[in-house]
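1. I would like to see how this sequence folds:
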Amino acid sequence: MRTFERTALVLSALLIASSALAQETDQSTASEGTSDGAAASASRGPRPFGANLFDGNFAGQREDGINPEYHILPGDRVVVNAWGALSLNDVFAVDTQGNIFIPGVGPIHLAGVRNADLTQTVQGAIARSYRGNFGVYTNLLNASPVAVFVTGGVERPGRYAGIPSDSVLFFLAQAGGIAPRRGSYRHVSVMRAGQELAELDLYDFLLRGNLSTPQLEDGDTILVGRRGPVVEVGGIEQGPVLVELADEEASGAVVLDVVAPNTRSTEVTVRGVRDGQPIVRTLDATDFRSVPLRGGDMVRFREEGRPQHIVVRLEGEIYGATEVAIRRGTRLIDLLNWVQVDPELAHTSAVHIRRPEVARQQRQTILASLDRLERSAMLALSGTQGEAEIRVREAELVRAFVDRARDVRPEGRVVTASGGRQLNVLLRDGDTIIIPTRTNVVRVGGEVQVAQAVMYRPDLTVRDYVQMAGGFTNRAETDAVILMRPNGAALLAPDDAPIEPGDEILIPPKIDHKIFQNAVDLSQVIYQIAIAASVLLRI
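-> Sure, this is the predicted structure:
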């Protein structure tokens, strides 16, 4: 038996197994897989709420200090222009006592003065010495730099430079942000001369945009406290997170103020330890707000129960709605009895289903085969220099083929007919019921000279239709023709196989065993893709 024939038998068995899915009756629907993002998050473990705060650009955006709320400090430089009774145009530095000295006026104390009040303060001081009419204009040229210590639960404790009006977030970002396992997002202190100047709760900024930061001075310290008690929360849109509690004990309302559960969640389970004993409590999601919580608890929101109705789509030659909600447990024939069709136009004996779950399984199978094919091609051994060059070329061809094949999306067809009789298949949520249009056309594609659609004739066989398409190309696998039926069935047809209206004849490419060391695997993948997606790929 030739290699491609053995492959065909294997693929036929796979097709029969896939068709058997249509005959199941009372199996429950498999749960939906999680998104790639959620899966990646789960592999890392839950992250603290707000962990992405320092993924932004706080450290890249510097304040210029020239804002109305800035308070003048020693070392700042101020431009003073006066005209009228006093003519003046000069730059003055604020000395260590917080003054600038203007000849004929004397010292003017500016330390602690808001930038917005600078002109008014200087004008008032000059007015005490000059009684005539004059005008004053001031401008703060630059703010004095400060060096602030950042320590505690941060990734890179150290001393960082900035200006007094830079926010605490700017300095925390320079220190690498809050350490996920050690630092607190709820207890960040600003220290000056050993005394606490302010305490910040970053949750207040994350949730409400509030961030009251005092103006920093040289030598100040930003201290990130030790991480407080946390509650692990799962079953939410953004994936599992760790919510830090402000106190050792809190209620479910605190968690709900921070994260929002899935809107379809109906139940919540709380796991924890009380008095040295593990506890598990399950309750209605609406009652969670008043539930007492402690550090170390695990909370998981769930969507329990099944909806009484599912949604299926109808495609093809139908009248009426293309998407309908039906009661769970409805079967195919029961639904078709209510679907209006024109029997002259609708090919009712070719009804079949496209099922997302089957499409996902087919794609997983194809991707696994592609991985094996690519791996075997890359690891192929060579005995001579000439053979090595051949293997390198083969690997390049296989890689290009694999890249194209990974983009193919299977259709997830489920054959719902057996022996010419439609089966009363149990429908699932997301199913698409295909009612094809009657046609007298037979399509011929793949490795033929002229791929085309020709009119059906009952006296013609596979070889006759291939001849009408110009015959096989020199790359055709002439002994393994794939025949796709309108009802979704696929089979390997001999030359004399009878053809039905609406059939599609696909001629696969021949894989040269002399060129490709992995010809068997390559042939299998080509057939899998052709059957699952009605697509023939060349290599």
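
2. What segments of the stretch 351-500 of the chain are helices?
-> For the stretch 351-500 of the chain, applying DSSP state H, counting those that start in this stretch gives helices covering 356-378, 385-405, 462-468.

3. what are the ranges of the strands in the stretch 1-150 of the chain?
-> Using DSSP state E, counting those that start in this stretch, the strands assigned to the stretch 1-150 of the chain run over residues 47-48, 77-84, 88-93, 99-102, 106-109, 134-142, 146-152.

4. out of those strands, which comes closest to Thr348?
-> strand 47-48 (53.8 Å; C-beta to C-beta). C-beta coordinates here come from the backbone N, C-alpha and C atoms, glycine included.

5. How many residues are close by Val188?
-> Val188 has 23 neighbours, counted by other C-beta atoms under 10 Å.

6. Make sure it is indeed in a strand.
-> Yes: per DSSP: H, G, I helix; E, B strand; the rest coil, Val188 lies within a strand segment.

7. list the buried ones in stretch 120-134?
-> Thr121, Val122, Gln123, Ala125, Ile126, Phe134 (16 or more other C-beta atoms under 10 Å).

8. any idea which of the residues you listed is the one closest to Asp90?
-> Ranked by distance to Asp90 (C-beta to C-beta), the buried residues of stretch 120-134 are led by Val122 at 11.9 Å.

9. For Tyr203, state which of the buried residues of stretch 120-134 is nearest.
-> Looking across these and measuring by C-beta to C-beta, the closest to Tyr203 is Thr121, at 38.3 Å.

10. Contacts only, for the nearest residue to that closest one once chain neighbours are set aside.
-> Leaving out its chain neighbours, the residue that sits closest to Thr121 by C-beta to C-beta, 6 or more residues apart in numbering is Val113, at 5.2 Å. Residues near Val113 by C-beta atoms under 8 Å, 6 or more residues apart in numbering: His71, Ile72, Thr121.

11. looking at it, the last one is touching Ile108, isn't it?
-> Yes: applying C-beta atoms under 8 Å as the test, Thr121 and Ile108 come out as touching, 7.2 Å apart.

12. Tell me how this structure divides into domains.
-> Using automatic domain parsing, the domains assigned to the chain come out as 3-22+356-360+409-533, 77-142, 145-226, 245-302.

13. Distance to Phe49 and mean pLDDT added to those, as JSON lines?
-> Converted to JSON lines, the domains of the chain look like this (distance: least, C-beta to C-beta, whole Å; pLDDT from 0 to 100):
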{"stretch": "domain 3-22+356-360+409-533", "distance to Phe49": "32", "mean pLDDT": "82"}
{"stretch": "domain 77-142", "distance to Phe49": "36", "mean pLDDT": "87"}
{"stretch": "domain 145-226", "distance to Phe49": "7", "mean pLDDT": "90"}
{"stretch": "domain 245-302", "distance to Phe49": "6", "mean pLDDT": "89"}
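
14. can you list those domains in TSV and add distance to Gly316?
-> Listed next are these as TSV, based on distance: least, C-beta to C-beta, whole Å:
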stretch	distance to Gly316
domain 3-22+356-360+409-533	4
domain 77-142	72
domain 145-226	50
domain 245-302	31
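
15. which one of the ones you listed lies closest to Leu335?
-> When these are compared by C-beta to C-beta, domain 3-22+356-360+409-533 sits nearest Leu335, at 6.6 Å.

16. beta partners of Thr282?
-> Per DSSP bridges, the residues bridged to Thr282 are Thr269.

17. quick one: it and Glu232, what's the gap?
-> Taking C-beta to C-beta, to the nearest Å as the measure, Thr282 falls 16 Å from Glu232.

18. Looking at these two, which has the bigger crowd around it?
-> Per other C-beta under 10 Å, whichever of Thr282 and Glu232 has more neighbours is Glu232, with 16 against 12.

19. list the contacts for that one?
-> Pro46, Pro240, Val241, Leu242, Val243, Asp297, Met298, Val299.

20. and if you look at Leu373?
-> Contact analysis of Leu373 by C-beta under 8 Å, 6+ apart lists Val398, Val402, Asn518, Asp521, Leu522, Val525.

21. what do you get for Arg443?
-> Gln452, Ala453, Asp503, Glu504, Ile505.

22. Could you do Gly183 as well?
-> Going by C-beta under 8 Å, 6+ apart, Gly183 touches Gly152, Gly153, Val154, Val224, Gly225, Arg226, Arg227.

23. follow-up on the earlier one: out of the buried residues of stretch 120-134, the closest to Asp257 would be?
-> Of all those, Asp257 sits closest to Thr121, with 43.6 Å by C-beta to C-beta.
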